[in-house]
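>>> Sequence plus predicted model, see below.
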Amino acid sequence: MGWGAVRLAEPLWLLAGLLGPLILLTARLRQRRRVVRFPGVARLAKARRSWRVQLRHLPLLAAVLGLMLAAVAQARPQLGSVKEDATTRGIDIVVALDVSGSMAAEDFQPQNRLGVAKEVVAEFVRRRTQDRVGLVIFGGKSLTKAPPTTDTAVLLRQLEDVKLHQLPDGTAIGSGLATSLTRLRHSTARSKVIVLVTDGANNAGEIDPGTATDLARAMEIRVYTVGVGKGGKVPMPIQVRDPASGQVIKRTINVPVAIDEGLLKRIAAQTGGEFFRATDPNSLRTIFERIDRLEKSEIKISSYRRYRELYPPVLALAGLLLSGAGLLWLAGLRVAPA
């Protein structure tokens, strides 16, 4: 939050500052009226002026300037940041991302399934500047990485930290969905959405996917389900020990990975969402293009004003000028006719 905006807390005090120039102008006019000029002695009078005569207006000028600065100080100049409360329109979204071991499959070149999913979700988050987006990960259990937020930087950092095997292995679709619903429980947005990304079938967790689906429907939360992977046998990296050298080396073998499309379709259909089969990054982007067309809802974003008072040095300078004017007056530098 940068500084740069200057304001006056009590600007009406500036009217009092106009009294200084008025006093000076009035004194000058009165002085001119009292002076009787003789053309023949004008040059002589100018030549004989002493330093006291030359500086006769200095006390008055100092006093006027002091009064003007005092008025500015009374107006309380402040330096602060310009940030205000704003209302924007968006939706509340939770991305539920599978981090089970099968997401390491390398059928999404040049990365594995999880790497591609993270990349596409990050692109989506950067575009959704008016929405609150949260992140839940699930494997054998589920975990909230970030509740719905408009802080894109925080969310992207949490997404970057997502790794394989962060949770016990397995695919707890019901738990991932239930945790996502918990994150949206207190949402006031008119549109609430969960995007559930997985590459397997429910085989872990304590919450049945059907129970979580019924709860989502009761909460009027739409669930978009995404089955990630090409299906069939897919290349999977494994680590084995080389019997000759004794070193651990990486190898790739083809293993069958099944996606429970029937379950994912039922979850989407019963909650008013859609099912997508993502065989490449473009399939994931299609989901987020669909979400972009959802109904918007107003979200209040709180901001704050913070000000620093500037009047103390102004008031001190005004005091010095007024004190100086008084001392000069006592010293004999008074306004006198020329």
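That came in fine, so what should we check first? Numbers count the residues shown, from 1 in each chain.

>>> burial measure for the closest residue to residue 132 other than its chain neighbours, as a count.
What sits nearest to residue 132 in space, not counting adjacent residues and going by Cβ to Cβ, 6 or more residues apart in numbering, is residue 148, at 3.9 Å. Using the backbone N, CA and C atoms, a C-beta is placed for each residue, glycine as well. By other Cβ atoms under 10 Å, the residues close to residue 148 number 22.

>>> Name the SS class of residue 148, please.
strand (DSSP: H, G, I helix; E, B strand; the rest coil).

>>> now residue 191: how far from residue 213?
18 Å (Cβ to Cβ, to the nearest Å).

>>> re earlier: ok, now how distant is the residue nearest to residue 132 from residue 240?
Counting by Cβ to Cβ, the gap from residue 148 to residue 240 is 42 Å.

>>> and what of residue 253?
Distance of residue 253 to residue 240, computed by Cβ to Cβ: 9 Å.

>>> Can you show me the strands along the stretch 101-250 of the chain?
132-138, 142-149, 192-198, 222-228, 233-241, 248-256 (DSSP state E, counting those that start in this stretch).

>>> Listing partners with orientation, what would you give for the first one?
According to DSSP bridges, strand 132-138 forms sheet pairs with strand 92-98 (parallel), strand 142-149 (antiparallel).

>>> Kindly export the first one (C-alpha atoms) in PDB.
Output in PDB follows, covering the C-alpha atoms of strand 92-98 (Å, rounded to 0.1, in the frame of the first residue of the first chain):
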ATOM      1  CA  ASP A  92     -17.200 -18.800  -5.300                       C
ATOM      2  CA  ILE A  93     -15.200 -21.700  -6.600                       C
ATOM      3  CA  VAL A  94     -13.300 -24.500  -5.000                       C
ATOM      4  CA  VAL A  95     -11.000 -26.700  -7.100                       C
ATOM      5  CA  ALA A  96     -10.700 -30.200  -5.700                       C
ATOM      6  CA  LEU A  97      -7.500 -31.700  -7.100                       C
ATOM      7  CA  ASP A  98      -6.500 -35.400  -7.000                       C
END
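
>>> quick one: contacts of that strand?
Residues from elsewhere that reach strand 92-98, judged by Cβ atoms under 8 Å, 6 or more residues apart in numbering: 114, 117-118, 121, 124, 128, 131-139, 142, 148, 162, 171, 176-177, 179-180, 183-184, 187, 189, 191-200, 228, 291, 297.
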